[in-house]
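# After the sequence you'll find the predicted model.
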Amino acid sequence: MLWLVLLLRLTVPTGPSASPFPGSFKYAISAHSSERARVFARPELDTPVVGVIEQGGDFPIHEVLEDRSCPGGHFLRIARSRFVCSAHFSPSARFPVRVPVVAVNETLDPSLSWRRTRVATPVWASRADRIAGRPAFTLPRNAHLEYRKRYVLVEGELMYLSIKDYLVAGADLEEASPSTFAGKRTEGPGDLAWAVVYRYPTVPLVDLEGGRPKRRLPDKTWVRLAAAGPVEREGRKYYRLEDGWGVAEDHLRLFTLGEKPDGIAPDEPWIEVNMTSQTLVAYEGDRPVFRTLISSGRVGTDTVPGLYRIYFKRAVQDVSRKRGSRVDYFFESVPFVQFFHGVFAFHSAMWHHAFGFPHSMGCVETSLRDAAFLFGWTHPRVPDGYLALTDSVEDPGTLVRIVKFPGHRVPTRFHPRAVPPEE
């Protein structure tokens, strides 16, 4: 028996990347992605690309199409209407385990971290360019770089090595501090009374009864409103909280509910964004399930009202605008991006805390925690291990209605997909 055990140890590979079926997918349980790979709608290279898989994931093999070739291999079906080329994968006997591109912990904080520029600072393409004084471009203040703890010394100066191998002076960087604000799930009818106070750094509360000391709440604190409506006091409108204190109307972000759009199924997810109150409410049919603050476009780069559908989702993407050597803004590895109209998208914003006020260049920005929740809740659902995914007939994108005020009638700005005939 000893010789048999030794023989098995010599012939069966071990370790996390080992495969008992080298060079063969016919008997493999899963396909291990050895590099980033495209996902096709059909086993043809000229068919639409529906997604992108990141390196390091294991995907179930539903079918091996040895008669459908691709450069360096043949097609594998890894899900319904999703095909990949085997040249980018290796066969594996492991159970399919897919790792999220951006992992989140129990408090919905993403695994990524960033360093931001304290001042405008030059970026160098190489050590030689740094020594010669030839910067590639200059980053503005508050640019964000994904932090990976990679530094090198150049002529005695500590230089940070970015994810794209650019050099930036370590002294010009500091730890970024993304907002910890998070929206609120709606568990029952009583949760509809929640609102958010806003005024930096604190919001004054008014004693509507008299005789109590002054009190203040931190900016962006969730509060519950009393059932009674607003009251007038010294020519100003106040809302009463459940504990009796009053908050001025102009220091509150209230959430109003919209009517379900035509064609929405009883439990279908959809979203309404109100640009006047800078709020977002997510629904399942008629039932509100989530609410939060957003930042839509500033004056001059306003978010366009309309009825949209999320058509493309990307787990992480750079957000920047460069014009020659000038960089207007630069945010590296922004997580949870959901496109709904051209280049405009829902996405997280780790570079400001101004949710509840217009701040973007036309997109709808949310906190990191809210972006993580919405990315997992909306359709198309992006499986773990995918960097990006488009909507499809099988999994159409979530409907989004962006309005200026409740009841605002907006035009439809998406093209409905044609439903294929039944076979």
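Cool, got the structure.
# number of nearby residues for Pro396?
Pro396 is surrounded by 18 other residues when neighbours are defined as other Cβ atoms under 10 Å. To be clear about C-beta, it is placed using only N, CA and C from the backbone, and glycine gets the same treatment.
# pLDDT at the closest residue in space to Leu225 that isn't next to it in sequence, what is it?
Spatial nearest neighbour of Leu225, excluding adjacent residues (Cβ to Cβ, 6 or more residues apart in numbering): Ala193 at 4.8 Å. In this prediction, Ala193 carries a pLDDT score of 85.
# For Ala193, the count of nearby residues, please.
14.
# Over to Arg253?
Residues lying near Arg253 (other Cβ under 10 Å) number 19.
# hey, what's the closest residue to it other than its chain neighbours bridged with?
Closest residue in space to Arg253, ignoring its immediate chain neighbours: Val196 at 4.4 Å, by Cβ to Cβ, 6+ apart. The partner list for Val196 in beta bridges (DSSP bridges) reads Trp222, Arg253.
# Assess the claim that Val196 and Gly356 are in contact.
Yes. Between Val196 and Gly356 there is a contact at 6.8 Å, judged by Cβ atoms under 8 Å.
# overlap in contacts of the two?
For the pair Val196 and Gly356, residues contacting each of them under the criterion Cβ atoms under 8 Å, 6 or more residues apart in numbering are 220, 253, 293.
# where does the stretch 1-150 of the chain dip in pLDDT?
Applying pLDDT under 70 to the stretch 1-150 of the chain flags residues 1-23.
# With Leu254 as the reference, measure out to the residue nearest to Leu225.
Between Ala193 and Leu254 the computed distance is 10 Å (Cβ to Cβ, to the nearest Å).
# any idea how far Asp302 is from Lys404?
Plainly put, Lys404 is 10 Å away from Asp302 if you go by Cβ to Cβ.
# got the contact list for the most centrally placed residue in the chain?
The central residue of the chain, meaning the one whose C-alpha is nearest the mean C-alpha position (Cα atoms, centre = their mean), is Phe336 at 1.2 Å. For Phe336, the contact set (Cβ under 8 Å, 6+ apart) comprises 102, 110, 315-316, 346-348, 368, 371-372, 374-375.
# Shouldn't it be within a strand?
Yes. According to DSSP: H, G, I helix; E, B strand; the rest coil, Phe336 belongs to a strand.
# burial measure for the residue nearest to Arg253, as a count.
Val196: 26 neighbours (other Cβ under 10 Å).
# Also the one 4 residues further on?
Counted with other Cβ under 10 Å, residues neighbouring Tyr200 total 11.
# does it really touch Thr221, like I thought?
No. Between Tyr200 and Thr221 no contact is recorded; they are 11.9 Å apart, counting by Cβ under 8 Å.
# before we move on, back to that, so what's the residue nearest to Leu225 up against?
Taking Cβ under 8 Å, 6+ apart as the definition of contact, the neighbours of Ala193 are 224-227, 242.
# any idea how far it is from Glu242?
Taking Cβ to Cβ as the measure, Ala193 and Glu242 are separated by 8 Å.
# list the residues that contact both of those two?
224-226.
# Now restrict those residues to buried residues only.
Taking 16 or more other Cβ atoms under 10 Å as the criterion, what is buried in these is 225-226.
# For Ala388, state which of the shared contacts of Ala193 and Glu242 is nearest.
Ala388 lies nearest to Arg224 out of the shared contacts of Ala193 and Glu242, by Cβ to Cβ, at 39.4 Å.
# is it true that the closest one lies in a strand?
Yes. According to three-state DSSP, the state of Arg224 is that of a strand.
# I'd like to check which residues are in contact with it.
Residues touching Arg224, when contacts are defined by Cβ under 8 Å, 6+ apart, comprise 193-195, 241-242.
# and those residues, which are buried?
Neighbour counting with 16+ other Cβ under 10 Å marks 194-195, 241 as buried within the contacts of Arg224.
# from these, which is closest to Gly285?
Each of the buried ones among the contacts of Arg224 was scored against Gly285 by Cβ to Cβ, and Trp194 proved nearest at 20.4 Å.
# quick one: the helices in the chain?
Assigned by DSSP state H, the helices in the chain fall at 2-11, 127-132, 368-377.
# in the second one, what counts as buried?
Under the neighbour-count criterion of 16+ other Cβ under 10 Å, helix 127-132 has 129-130 buried.
# who touches it?
Contacts to helix 127-132, defined as Cβ under 8 Å, 6+ apart, come from residues 124, 135-136, 152, 154-155, 159, 167.
# 10 Å instead, please
Helix 127-132 is touched from outside by 122-124, 126, 134-136, 152-155, 157, 159, 166-169, with contacts defined as Cβ atoms under 10 Å, 6 or more residues apart in numbering.
# Please write out the alpha-carbon positions of that helix in PDB.
Output for helix 127-132, consisting of C-alpha atoms alone and laid out as PDB, is shown next (Å, rounded to 0.1, in the frame of the first residue of the first chain):
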ATOM      1  CA  ARG A 127      12.500  56.800 -12.400                       C
ATOM      2  CA  ALA A 128      14.500  58.300 -15.300                       C
ATOM      3  CA  ASP A 129      11.800  60.900 -15.900                       C
ATOM      4  CA  ARG A 130      11.700  61.800 -12.200                       C
ATOM      5  CA  ILE A 131      15.500  62.300 -12.200                       C
ATOM      6  CA  ALA A 132      15.400  64.300 -15.400                       C
END
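# Check the offset of it from the chain's centre.
For helix 127-132, the distance from its own C-alpha centre to the chain's C-alpha centre is 36 Å (Cα atoms, centre = their mean, to the nearest Å).
# follow-up on the earlier one: close enough to count as contact, the residue nearest to Arg253 and Asp219?
Yes. Counting by Cβ atoms under 10 Å, Val196 touches Asp219, with 9.2 Å between them.
# what do the two both touch?
Common contacts of Val196 and Asp219, defined by Cβ under 10 Å, 6+ apart, comprise 181, 203, 251, 356.
# Quick check: the farthest pair among those residues?
Taking Cβ to Cβ, no two of these sit farther apart than Phe181 and His251, at 15.9 Å.
# ok, which pair from the contacts of Ala193 is furthest apart?
Arg224 and Ala227 (10.2 Å).
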